[in-house]
Structure formats: structure tokens, C-alpha cells
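S.K.: here is my input, please return the structure:
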Amino acid sequence: MKKLVAVASAGGHWAQLMRMSPVFDGMDVRYITTAHGVVPSQPGPVYRVTDANRWQRWRMLRMFLEVGWLLIRIRPQVVITTGAAPGLAAILWGRLTGATTIWVDSIANSEELSGSGRLARRVANLCLTQWAHLADKNSVQCWGAVL
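M.R.: Residues are numbered from 1 along each chain as shown. Modelled structure (predicted):
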């Protein structure tokens, strides 16, 4: 059974990840989020990490290390994320630990990829947008919308 880590920050990122969760059936799934008191629609442990953004450098460092520690302990074969900062950390740590990494940019980013998405496309094995006009054949693909 494949071990998968699904990562999303609170709010819309988490809602989009939960919309994708039926695809995870048959896998050993672990969730990482910044949200408090969430219960995934599919069974699997939920790990909470520090919420941070690019203007909170110390919190960002703490979150980055928390995500790294979890991925080193869990050793997933696949990491999938809808963003934002914890998802980017998971993509980076996932690549370092040998996991296949998938970034799904938020549907809210209809004009351009998110800042985290622009970084993730350089590192992730697969980078997806939910808007066809943002896709290009070299680094970002569109397989449709989650919502």
C-alpha cells in the first residue's frame, strides 16, 4: 500500500484537498495542515503544524522544520498539496526524501500561479493549475478544476 502525505493550509486550500481525498482510497494517507480541529473526509492521522507566511520568518522556519520532521518520520512515497506555505515545505522535503511530489495550485489563482506555485513548479515532479490558460507544456499542466 502506497504511503501518501496530503498537505494544505487552512481554509480554501484544505477544502480543495478534501475534495480530492476520494482519489486517495486504497492508500495509507496522513494529513498535514495548519487548521485547528479538522477531521478529514477519509480516515488517516492529521498532524498540525505552525501557521506562517513569508512575512513571519521565525514562524516560517519553525513550520518548515515541523513539516520536514514529519516527512522524515513518515517517509511517504507520494506528497500532494494544494498549498500554501506548508505545502511548499512538503514539496521541498518530499523531494529530499525521495517522494514523488505533486503541487495543485489553488483555484483562487485565476490570473497567475501563486507565489508558492511559482516556486513549487521548479521542484515538484508534477505541477498542476486549475485554469487551462495558465498551463504550459514545460512546467505546469491543467487536468481540470477541483471545485
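S.K.: looking at this protein, which helix or strand is least sure?
M.R.: None of the helices or strands of the chain scores lower by mean pLDDT, DSSP states H and E than strand 141-142, at a mean of 72.
S.K.: list of residues touching that strand?
M.R.: Applying Cβ atoms under 8 Å, 6 or more residues apart in numbering, the contact partners of strand 141-142 are 126-132, 134-135. Glycine gets a C-beta too; all of them are placed from N, C-alpha and C.
S.K.: and the strands in the chain, which stretches?
M.R.: Here the chain has its strands, by DSSP state E, at 3-8, 28-33, 46-48, 78-83, 100-104, 126-129, 141-142.
S.K.: quick one: which of these is nearest Leu119?
M.R.: Closest approach to Leu119 among the strands of the chain is made by strand 100-104 (9.3 Å; Cβ to Cβ).
S.K.: each with direction, which strands does the closest one pair with?
M.R.: strand 78-83 (parallel), strand 126-129 (parallel) (DSSP bridges).
S.K.: need the winner for burial among those strands.
M.R.: strand 78-83 (a mean of 26; mean count of other Cβ atoms under 10 Å).
S.K.: I'd say Ile74 and Leu4 touch.
M.R.: No - Ile74 is beyond contact range of Leu4, at 9.5 Å (criterion: Cβ atoms under 8 Å).
S.K.: what do those two both touch?
M.R.: In contact with both Ile74 and Leu4: Arg30, using Cβ under 8 Å, 6+ apart.
S.K.: tell me which of the two has more neighbours.
M.R.: Set side by side, Ile74 and Leu4 show more neighbours around Leu4, with 23 against 18, by other Cβ atoms under 10 Å.
S.K.: now the more buried one: how far from Trp131?
M.R.: 25 Å (Cβ to Cβ, to the nearest Å).
S.K.: what does Ser116 give?
M.R.: The value you get for Ser116 to Trp131, if Cβ to Cβ is used, is 16 Å.
S.K.: just give the nearest non-adjacent residue to the residue nearest in space to the middle of the chain, would you?
M.R.: Centroid-nearest residue in the chain: Thr81, 1.6 Å away (criterion: Cα atoms, centre = their mean). Distance criterion Cβ to Cβ, 6 or more residues apart in numbering; nearest residue to Thr81, sequence neighbours excluded, is Gly87 at 3.1 Å.
S.K.: and that neighbour, how many neighbours?
M.R.: Other residues close to Gly87 by other Cβ under 10 Å number 34.
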